[in-house]
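# what follows is a predicted structure for the sequence shown.
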Amino acid sequence: MTTSAPPALVSIHGGHSGEFCQHAGDSLEAILEAYAAQGFAWVGITEHMPPAGDRFRYPDEVAADLDARALRERFTRYIVTGRRLQAAFADRLTVFIGMETETYSGAAAFVRELVAAFAPDYLVGSVHHVADLNFDFSPAAYALAARAVGGLDALYIRYFDLQLEMIEALKPAVVGHFDLVRIYDPDYRARIERPAIRARIRRNLACIRDLGLILDFNVRALAKGAHEPYIAAPILQAAHAMGIAIVPGDDSHGVDTVGRHIPRGIRLLQALGVNTDWPRPVLSVRKSPPLA
């Protein structure tokens, strides 16, 4: 009698290091050592893209007095360091050096410039801004963004509309934390069933399916005290029924969160019948000519 091998430990949204992200901890090398020690087969490191301008910096970057130029220089160091470590770990851990994108005014064109300049292995397409306001950094930021667009329902609608624009413009290999917009909404389960919001969720999933992209099953929500990962169960079930590839990601922000809740995430996906022969990410966005 033979038994199938357990699913490989992977993280398609391997997140951030304190070396290259203000709200993370530990060096990139220490984080990769932790993945290797836990027996991961492969991991995608997905540091944030540098901002297109000072106005799009995160609050902690502003507090650290890092301007857009300094953050681009730091991103350059990330790519150089990542490539060195990618080679150094090759016999123990397959490492993809990715980039997590932003979605705000002018971001898509800037992403294409960054892809041409830095040639990341793949993109995680994310939305952290609505009406050019970051909404996920804190409850206060979330409330401010909601007020700016006319309330929570409007925030969801704008979020999913922006997400579709990002997906169509960039065709990222991975769509990150699909329903992040629910981060500080205790009533999100009811809200995602409202007709205007539900229709947009289904529309975006259909686009992801048609483009053959991967959904990030982001378990970091569990590490922050949420009841379920991003993607919420009703959306997860719909995505699976549509045949969309779904792969776990820990979105780690330091050694202490490497692999945290990945086994639980895998069990949830197995219970739903998701294919655990995890597809690997590849760059989807077209590369522009090299920057002058």
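Now that the structure is in, tell me what you want to look at. Numbering: from 1, shown residues only.

# and stretch 171-183, how far out from the chain middle?
In terms of CA atoms, centre = their mean, to the nearest Å, the centre of stretch 171-183 is found 6 Å from the chain centre.

# can I get that stretch in PDB? Just the C-alpha atoms.
The C-alpha trace of stretch 171-183 is given here as PDB (Å, rounded to 0.1, in the frame of the first residue of the first chain):
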ATOM      1  CA  LYS A 171      -1.300  40.700 -14.900                       C
ATOM      2  CA  PRO A 172       0.700  39.800 -11.800                       C
ATOM      3  CA  ALA A 173       1.600  36.200 -11.400                       C
ATOM      4  CA  VAL A 174       0.100  36.300  -7.900                       C
ATOM      5  CA  VAL A 175      -2.900  38.400  -6.600                       C
ATOM      6  CA  GLY A 176      -2.000  39.200  -3.000                       C
ATOM      7  CA  HIS A 177      -4.400  39.000  -0.100                       C
ATOM      8  CA  PHE A 178      -7.500  39.300  -2.300                       C
ATOM      9  CA  ASP A 179      -9.900  40.600   0.300                       C
ATOM     10  CA  LEU A 180      -7.500  42.700   2.400                       C
ATOM     11  CA  VAL A 181     -10.100  45.500   2.400                       C
ATOM     12  CA  ARG A 182     -11.900  43.600   5.300                       C
ATOM     13  CA  ILE A 183      -8.900  44.000   7.600                       C
END
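
# tell me the mean pLDDT for it?
The pLDDT scores in stretch 171-183 average 97.

# before we move on, what about stretch 245-256?
Average pLDDT, stretch 245-256: 92.

# and the end-to-end length of that stretch?
Its start and end residues considered, stretch 245-256 measures 28 Å (CA to CA, to the nearest Å).

# quick one: buried residues of it?
Within stretch 245-256, the residues scored as buried using 16 or more other CB atoms under 10 Å are 245-255. C-beta: built from backbone N, CA, C; applies to glycine.

# show me which helix or strand of the protein is least confident by mean pLDDT.
None of the helices or strands of the chain scores lower by mean pLDDT, DSSP states H and E than helix 220-223, at a mean of 85.

# excluding covalently adjacent residues, which one is nearest to the residue positioned nearest the centre of the chain?
By CA atoms, centre = their mean, the chain has its centre lying nearest to Gly176, at 3.3 Å. Using CB to CB, 6 or more residues apart in numbering and skipping the chain neighbours, the partner closest in space to Gly176 is Ser126 (3.9 Å).

# so that neighbour sits right up against Phe178, yeah?
No. Contact between Ser126 and Phe178 fails when scored by CB atoms under 8 Å: they sit 9.5 Å apart.

# would you map the strands across this protein?
With strands called from DSSP state E, the chain shows them at 10-11, 42-48, 94-100, 123-125, 129-130, 133-134, 174-175, 214-218, 245-249.

# what helices or strands is the second one leaning on?
Applying 3 or more CB pairs under 8 Å, 6 or more residues apart in numbering; DSSP states H and E, one finds that strand 42-48 contacts strand 10-11, helix 28-37, helix 68-88, strand 94-100.

# got CSV for the ones you listed, with distance to Asp136 too?
Output for the helices and strands packed on strand 42-48, formatted as CSV (distance: least, CB to CB, whole Å):
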stretch, distance to Asp136
strand 10-11, 20
helix 28-37, 22
helix 68-88, 18
strand 94-100, 12
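
# quick one, which of those is packed in tightest?
Among the helices and strands packed on strand 42-48, ranked by average contacts under mean count of other CB atoms under 10 Å, first place goes to strand 10-11 (a mean of 26).

# and Ile266, how far is that from Thr101?
According to CB to CB, to the nearest Å, Ile266 stands 26 Å off from Thr101.

# between the two, which is the more surrounded one?
Applying other CB atoms under 10 Å to Ile266 and Thr101 shows that Thr101 carries more neighbours, namely 27 against 22.

# show me what contacts that one?
By CB atoms under 8 Å, 6 or more residues apart in numbering, the contact set of Thr101 is 49, 107, 111, 123-126, 166, 170, 172.

# closest one of those residues to Arg194?
Of all the contacts of Thr101, Arg194 sits closest to Met166, with 22.1 Å by CB to CB.

# now that closest one, nearest residue through space, not along the chain?
Computed as CB to CB, 6+ apart, the closest residue to Met166 that is not its neighbour in sequence is Thr103, at 4.5 Å.

# report pLDDT for the one you found.
With respect to pLDDT, Thr103 has a value of 96.

# from Phe89, how far off is it?
From Thr103 over to Phe89 (counting by CB to CB), the distance is 31 Å.

# who has more neighbours out of those two?
Thr103 (22 against 17).
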